[in-house]
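Trainee: Dropping a prediction and its sequence here:
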Amino acid sequence: MGRPKITIVGAGNVGATAAHWAAAREVGDILLVDIIEGVPQGKALDLFEAAPIEGFDCRITGTNNYDDTKDSDIVVVTAGIARKPGMSRDDLIATNAKIVGSVTDEIVSRSPECILIIVSNPLDVMVTKAHMQCKFPRQRIMGMAGILDSARFRAFISMELNVSVEDISATVLGGHGDSMVPLSRYSTVSGIPITALMKPDRIEELVQRTRDGGAEIVNFLKTGSAFYAPGASIVQMIESILKDKKRILPCAVLLEGEYGQEGIFMGVPVKLGAGGVEEVIELDLTAEEKSAFDKSADHVRELIKALS
């Protein structure tokens, strides 16, 4: 039995960085795919040439041909245009929906049993578009967002309290954007709720910074968006699936009645294992949290209308 095959579509900053993290963690052989001739081949070769130095054993190759993706175990879709200053994730819908739809058709025709992880923005709409194309069961199609949003919240808590990120746990629900719902009540430092460590107004400032986390980096970079933390977030999902870790991680999945929502992809905690999304974890929300979650779902539904 050979190593798992991980295909990453889109060899830009996010895709290439995900390949880097994945190689370092030896989760499987990696194939980078891109439409620009030479880019996936060059980045894959450069990364593989680091293997003798870093000591990771996996094959990393690049291609412009979707035939090479055949029989992938996991496919990650990062393809699409990135945000620029002044743009929201929602501004990307028309262009990225065409790209994600086309990529999904190419992938599914060659790897019909793969697990599909969508990363392209606006995330909740793009994973919906991919699902429209492939009709995969919800166990095998998901979006990467909540891990990144939670990591940002954890980073900001660490900076504020001057404590190790390792001791911080945070939960963010909802859509990946301005309507996301960071849950302070479920966010802790070594089991201590942050509500016991910070004043409410300061927590709210960190919550808002989390919502604006992507835009903050876009405004710094001017010509692109975040890629280190998104790449690491992708690989945390891949590793939990391929190593059957059954970690509880926030991902955008198709809700089938959970949280009072039906037929919509939203960020919620799930158990990720060899079967993909093996269980949706339903948290007990306060009336205020439930209202914010429903508002986030309404926002996602409005964006999805642009696909029809």
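Mentor: Yep, it's here.
Trainee: and Pro250, what are its phi and psi?
Mentor: As for Pro250, its main-chain torsions (degrees, to the nearest 10) stand at phi -80, psi 120.
Trainee: Now Ala94: closest residue in space, sequence neighbours ignored.
Mentor: Ala306 (7.1 Å; C-beta to C-beta, 6 or more residues apart in numbering). All C-beta spots, glycine's among them, are computed from the backbone N, C-alpha and C.
Trainee: same check, this time on Ser296
Mentor: Ser296's closest residue in space is Gly174 (C-beta to C-beta, 6+ apart), at 3.4 Å.
Trainee: pLDDT at the residue nearest to Ala94, what is it?
Mentor: pLDDT recorded at Ala306 is 83.
Trainee: who's in contact with it?
Mentor: 93-94, 97, 125 (C-beta atoms under 8 Å, 6 or more residues apart in numbering).
Trainee: Please enumerate the helices of this structure.
Mentor: 13-24, 39-48, 51-54, 93-110, 123-134, 146-161, 200-211, 213-221, 228-242, 287-304 (DSSP state H).
Trainee: Just send those helices back as TSV, with distance to Thr188 and mean neighbour count too.
Mentor: Formatted as TSV, the helices of the chain follow (distance: least, C-beta to C-beta, whole Å; neighbours: other C-beta atoms under 10 Å):
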stretch	distance to Thr188	mean neighbour count
helix 13-24	26	24
helix 39-48	36	19
helix 51-54	34	10
helix 93-110	35	18
helix 123-134	26	25
helix 146-161	9	22
helix 200-211	12	16
helix 213-221	20	17
helix 228-242	19	22
helix 287-304	16	16
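Trainee: Quick one: closest of those to Ile30.
Mentor: Across the helices of the chain, Ile30 has its closest neighbour in helix 13-24 (5.1 Å, C-beta to C-beta).
Trainee: rewinding a little: can you put the helices of the chain in a markdown table and add distance to Gly260?
Mentor: Formatted as a markdown table, the helices of the chain follow (distance: least, C-beta to C-beta, whole Å):
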| stretch | distance to Gly260 |
| --- | --- |
| helix 13-24 | 32 |
| helix 39-48 | 42 |
| helix 51-54 | 47 |
| helix 93-110 | 26 |
| helix 123-134 | 17 |
| helix 146-161 | 18 |
| helix 200-211 | 22 |
| helix 213-221 | 27 |
| helix 228-242 | 25 |
| helix 287-304 | 7 |
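Trainee: which two in the contacts of Ala306 are spaced the farthest apart?
Mentor: It's Ala94 and Val125 that sit farthest apart of these, by C-beta to C-beta, at 10.4 Å.
Trainee: Report pLDDT for Met1.
Mentor: 69.
Trainee: circling back to that earlier point, the residue nearest to Ser296: how many residues sit nearby?
Mentor: 30 (other C-beta atoms under 10 Å).
Trainee: cool, and Asn65?
Mentor: For Asn65, using other C-beta under 10 Å, the count is 7.
Trainee: next one: phi and psi at it?
Mentor: phi -110, psi 120.
Trainee: And the pLDDT for it?
Mentor: Reported pLDDT for Asn65: 98.
Trainee: and if you look at Met180?
Mentor: Confidence score, pLDDT, at Met180: 94.
Trainee: Any idea how many residues pack against it?
Mentor: 24.
Trainee: State the distance from it to Glu256.
Mentor: Look at Met180 and Glu256: by C-beta to C-beta, to the nearest Å, they are 21 Å apart.
Trainee: Ok, Asp46 next?
Mentor: Taking C-beta to C-beta, one finds Asp46 at 43 Å from Glu256.
Trainee: low-confidence ranges in this structure?
Mentor: For the chain, the stretches flagged by pLDDT under 70 are 1, 89.
Trainee: Just give me the longest strand of it.
Mentor: Determined from DSSP state E, the single longest strand within the chain is strand 262-273.
Trainee: Just the CA atoms of it, as CSV, please.
Mentor: This file holds the C-alpha atoms of strand 262-273, laid out as CSV (Å, rounded to 0.1, in the frame of the first residue of the first chain):
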residue,chain,number,x,y,z
GLU,A,262,-30.9,22.8,6.7
GLY,A,263,-29.1,22.5,3.4
ILE,A,264,-26.5,25.2,4.0
PHE,A,265,-22.7,25.0,4.5
MET,A,266,-21.7,26.7,7.7
GLY,A,267,-18.7,26.6,10.1
VAL,A,268,-19.3,24.3,13.0
PRO,A,269,-17.2,21.9,15.1
VAL,A,270,-16.9,18.4,13.5
LYS,A,271,-15.1,15.2,14.2
LEU,A,272,-12.6,14.7,11.3
GLY,A,273,-11.3,11.2,10.7
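Trainee: tell me the angle of it relative to helix 287-304?
Mentor: 110 degrees (axes from the mean of the first three to the mean of the last three C-alpha atoms, to 10 degrees).
Trainee: buried ones in strand 262-273?
Mentor: 264-273 (16 or more other C-beta atoms under 10 Å).
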